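In: what's the 3D shape of this:
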Amino acid sequence: MNDDKAIQVQDLHKNLSDVYAVQGVSFDVQAGEVFSLLGPNGAGKSTIITMLSCLLEPTQGDARVSGHSILGEPMAVKEAIGVVPQEIALYEDLSARENLTFWGKMYGLRGAPLHRRVDEMLEVTGLTERQKGRVRKFSGGMKRRLNIGIALLHTDADCLGDGRLSEHRDARPGPGFSAAPGGHPAGLRRRFLWTGSVALRI
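Out: Predicted structure coming up:
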């Protein structure tokens, strides 16, 4: 496989009991690309994301993320990606800043680097002015943006998103991803492109 590509999937298969969840899937994603994985319910999209996240081992085949094999280097893959789950995973009684700070510490960030990354994620998600607000009062789009910020806290990571297309809109508002002042969430897309990261959404 060519390590120059951000994501390379080669002949992935996954059998779940008697069900073939994924059969012979191959694709490449270039650095800086926004890539959508489309298909009907039950087509195996979430299973592919789960395998790329090293949370489920393929029955056959392999993939490389940021040059690392999901079979041979799972820890390196996990350090190189940020995953946005289909279900929003936030502490609703905490503020946006408190959520980012908590997860930053879970990623091992401390002190000035932690504060810098939290400030940056608040900026790129358009939530600086709402950073002290309780998440339970946020709109669905604001929660989704915060979830993406958490996924990107620990690194200039490739971003793997699992959910409806509308939930991960990066260039225009939609039911699951509202627009914000200052050009957000388009600013999130520009950040992916500037850093050479990948936004992979399904």
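
In: how far away is G67 from A6?
Out: For G67, the distance to A6 (CB to CB, to the nearest Å) stands at 9 Å. Any C-beta I mention is one placed from the backbone N, CA and C, and that applies to glycine too.

In: of these two, who's got more company?
Out: A6 (22 against 17; other CB atoms under 10 Å).

In: mind checking pLDDT for V118?
Out: V118 carries a pLDDT value of 96.

In: list the contacts of I48.
Out: By CB atoms under 8 Å, 6 or more residues apart in numbering, the contact set of I48 is 9, 12, 22, 25, 37, 202.

In: my bad, should have said L94
Out: 102, 134-135.

In: what about the top helix by length along the chain, distance to the chain center?
Out: Longest helix of the chain, by residue count under DSSP state H: helix 111-124. Between the centre of helix 111-124 and the centre of its chain there are 18 Å (CA atoms, centre = their mean, to the nearest Å).

In: same thing with stretch 132-143?
Out: 19 Å.

In: what about it, average pLDDT?
Out: The model assigns stretch 132-143 a mean pLDDT of 94.

In: any regions of this structure where pLDDT drops low?
Out: 1-4, 156-202 (pLDDT under 70).

In: quick one, strands of it?
Out: Listed in chain order, the strands of the chain (DSSP state E) span 7-16, 19-29, 34-36, 60-65, 68-69, 81-84, 158-161, 199-201.

In: the third one pairs with which strands, parallel or anti?
Out: With DSSP bridges as the test, strand 34-36 is paired with strand 199-201 (parallel).

In: could you do the shortest one as well?
Out: Looking at strand 68-69 with DSSP bridges, its paired strands and their directions are strand 60-65 (antiparallel).

In: from the chain's centre, how far out does the strand it pairs with sit?
Out: Offset of strand 60-65 from its chain centre (CA atoms, centre = their mean): 18 Å.

In: from the rest of the structure, what touches it?
Out: Outside strand 60-65, the residues that touch it by CB under 8 Å, 6+ apart are 1, 3, 5-13, 24-26, 51-52, 69-71, 77, 80-81, 158.

In: quick revisit: turn the strands of the chain into TSV, including mean neighbour count.
Out: Converted to TSV, the strands of the chain look like this (neighbours: other CB atoms under 10 Å):
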stretch	mean neighbour count
strand 7-16	18
strand 19-29	16
strand 34-36	14
strand 60-65	20
strand 68-69	18
strand 81-84	24
strand 158-161	24
strand 199-201	24
